[in-house]
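Visitor: My questions are about this predicted structure, shown below with the sequence.
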Amino acid sequence: MKKIIRTLGVILPALLAGNAVAAKIGDLAPNFALPSTKGEIVLSEVVRNGPVVLALYYADFTSG
């Protein structure tokens, strides 16, 4: 439950921002930092190692 709350705390402000715009195929992702089990992950640092695929699983950790 803590993971869900923590995730929502990161995702919801971005979704509710007044200037939020839906991404289109081919759009560049804005730089961001997120907590992980290995410390903070910053997109601009990860991209230096090669291509990155961003995926969001809406149903993770749900019973359905």
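Guide: Structure's in. What do you need?
Visitor: What is the end-to-end distance of stretch 44-62?
Guide: 30 Å (CA to CA, to the nearest Å).
Visitor: Okay, now the unreliable bits of this protein?
Guide: Scanning the chain for pLDDT under 70 picks out 1-20, 59-60, 64.
Visitor: Could you pull out the helices in it for me?
Guide: 2-16, 43-47 (DSSP state H).
Visitor: Number of residues surrounding residue 47?
Guide: Neighbourhood size, residue 47 [other CB atoms under 10 Å]: 13. (Each C-beta comes from the backbone N, C-alpha and C, glycine too.)
Visitor: Look up how far residue 62 lies from it.
Guide: To residue 62, residue 47 is 30 Å away according to CB to CB, to the nearest Å.
Visitor: Residue 40 too?
Guide: 26 Å.
Visitor: now do residue 51
Guide: Distance, residue 51 to residue 62, by CB to CB: 29 Å.
Visitor: can you check residue 52 too?
Guide: Distance of residue 52 to residue 62, given as CB to CB: 25 Å.
Visitor: next one: residue 44
Guide: 31 Å.
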